[in-house]
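Engineer: Quick one: sequence plus predicted model below, questions after.
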Amino acid sequence: MDVNAFDFELPESLIAQTPLTDRTSSRLLTLDKSSGAIGHHTFGQLIDYLQAGDTLVLNDTRVIPARLFGVKADTGAQAELLLLKELGDDRWETLARPAKRLKKGTVIRFGGSGPQDSASDTLLEAVVEEEGEMGARIVRFRYSGIFREILDRLGSMPLPPYIKERLEDRERYQTVYARHPGSAAAPTAGLHFTPEYLETIARIGVNIVTVTLHVGLGTFRPVSVDRIEEHKMHEEFYSVPAETAAALNAAKAEGRRVVAVGTTSARTLETVAGRFGDKPIEACDGWSAIFMYPGYRFKIVDAMLTNFHLPKSTLVMLVSALAGTDRIRRAYQEAIEREYRFFSFGDAMFIY
């Protein structure tokens, strides 16, 4: 399948640069995946499309301040790391800039001012141990103290490159239910919820459960091949607790809907479905590299809340797998014509 089938023209003015003051005040486009019917609402009307007995699945990952700005120890030249995956023993998989100048053995210092600083004067050092493709680097950190505390002090929130505005409040790039640190990006479909709105949804009989998927390179690495079947997804860590597994088993056995909040929740659910097959789902964790594009048959997910995604991204391919390429194309075109806000801080879409 040609990657250009998922391309579209998006005016730059529709890329949301800042979050709305009220999380629930965004707009909501609804898409009936059976009929193709499109509706236009506010996010507060999502509850009208949920049903008693639905199981709503949230991704409770928490974004870490994963972007580090430092200098090369030998020259003082600027260097940047984006932390993607913790590998153990203070080793991390990262995206590095400028990658061509960060060869194996390069030392990067953070919290100091240049090559004149000794290691003892620097809060954090990274040594490049392995070089990968497209800027990927495996680094080992050296430090004294607690790594997460140092990262909180030195790191920046890893906002996507299309967001140019400064984010004053870090918590606005977190969901209100974020619990488990580890993501390099927010599961943005969940940014629309407030605790009060989730309570309102629960009161109508919707069962709210959580999974964890730490968002990394698999979610936002661009597709660089012409045929999407050749694209390889990057692994991301997921975890499903016992109470969620039980809720999913009951919902599917009783014919009730499972509603994924975001593509990351959907990827977790479908990964687990493939792992257990026809057997009941159990509490588990592991690594997901699932790639869903048109032709994929969903096994657990019946409906999904999502945002509007980048052209030619794996995310727009995933929603096309759920609703159909032509229906997603029409929905996106209508969203553009009506000037919906796109991407991370943008408006929402409910596919049912």
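Structural biologist: Structure's in. What do you need? These numbers were taken from a predicted model, which means no experiment stands behind them.
Engineer: CA atoms for contacts and neighbours, from now on please.
Structural biologist: OK.
Engineer: quick one: low-confidence parts of this structure?
Structural biologist: Under the criterion pLDDT under 70, the flagged ranges of the chain are 112-121, 218, 220.
Engineer: most residues in a single strand of it, which one?
Structural biologist: Longest strand of the chain, by residue count under DSSP state E: strand 78-88.
Engineer: With adjacent residues omitted, what lies nearest to G205?
Structural biologist: Distance criterion Cα to Cα, 6 or more residues apart in numbering; nearest residue to G205, sequence neighbours excluded, is A52 at 4.3 Å.
Engineer: For L31, name its beta-bridge partners.
Structural biologist: Beta-bridge pairing for L31 (DSSP bridges): I38, I351.
Engineer: Tell me who's in contact with R172.
Structural biologist: Contact analysis of R172 by Cα atoms under 8 Å, 6 or more residues apart in numbering lists 19, 191.
Engineer: For it, give me the backbone phi and psi.
Structural biologist: Main-chain torsions, R172, degrees, to the nearest 10: phi -80, psi -10.
Engineer: any idea how far the residue nearest to G205 is from T24?
Structural biologist: Between A52 and T24 the distance is 21 Å, computed by Cα to Cα, to the nearest Å.
Engineer: same question, P294
Structural biologist: Distance of P294 to T24, given as Cα to Cα: 31 Å.
Engineer: what about those two, which has more around it?
Structural biologist: Legend: neighbour count by other Cα atoms under 10 Å for P294 and T24, higher for T24 (20 against 15).
Engineer: before we move on, back to that, got the buried residues for the longest strand of the chain?
Structural biologist: 79-85 (16 or more other Cα atoms under 10 Å).
Engineer: Dump those residues into a markdown table; add distance to G346 as well.
Structural biologist: Putting the buried residues of strand 78-88 into a markdown table (distance: Cα to Cα, whole Å) gives the following:
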| residue | distance to G346 |
| --- | --- |
| A79 | 30 |
| E80 | 27 |
| L81 | 26 |
| L82 | 23 |
| L83 | 25 |
| L84 | 24 |
| K85 | 26 |
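Engineer: re the thing from before, which residues touch the residue nearest to G205?
Structural biologist: By Cα under 8 Å, 6+ apart, the contact set of A52 is 204-206.
Engineer: go on, K232?
Structural biologist: Going by Cα under 8 Å, 6+ apart, K232 touches 289, 291.
Engineer: ditto for N207
Structural biologist: N207 is in contact with 53-56, counting by Cα under 8 Å, 6+ apart.
Engineer: Which of these has the largest number of neighbours?
Structural biologist: Within the contacts of N207, neighbour counts (other Cα under 10 Å) peak at T55, which reaches 28 neighbours.
Engineer: in the sheet, who's paired with that residue?
Structural biologist: Bridge pairing for T55 - DSSP bridges - gives N207, V258.
Engineer: Hmm, G205 and it touching each other?
Structural biologist: No: using Cα atoms under 8 Å, T55 makes no contact with G205, being 9.2 Å away.
Engineer: does the closest residue in space to T194 that isn't next to it in sequence belong to a helix or a strand, and which?
Structural biologist: Nearest non-adjacent residue to T194, counting by Cα to Cα, 6+ apart: V176, 6.3 Å away. Using DSSP states H and E, V176 sits in no helix or strand.
Engineer: V176 reaches E196, doesn't it?
Structural biologist: No: if you go by Cα under 8 Å, V176 and E196 don't touch, sitting 10.3 Å apart.
Engineer: And the two? Which one has more around it.
Structural biologist: Higher neighbour count among V176 and E196: V176, with 18 against 9, using other Cα under 10 Å.
Engineer: Ramachandran coordinates for the more buried one?
Structural biologist: The phi/psi pair for V176 (degrees, to the nearest 10) is phi -70, psi -10.
Engineer: distance of it from F193?
Structural biologist: With Cα to Cα as the criterion, V176 and F193 are 7 Å apart.
Engineer: Please report the number of neighbouring residues for R275.
Structural biologist: 14.
Engineer: Would you double-check that it falls in a helix?
Structural biologist: Yes: per DSSP: H, G, I helix; E, B strand; the rest coil, R275 lies within a helix segment.
Engineer: if I look at it, how far off is R227?
Structural biologist: 26 Å.
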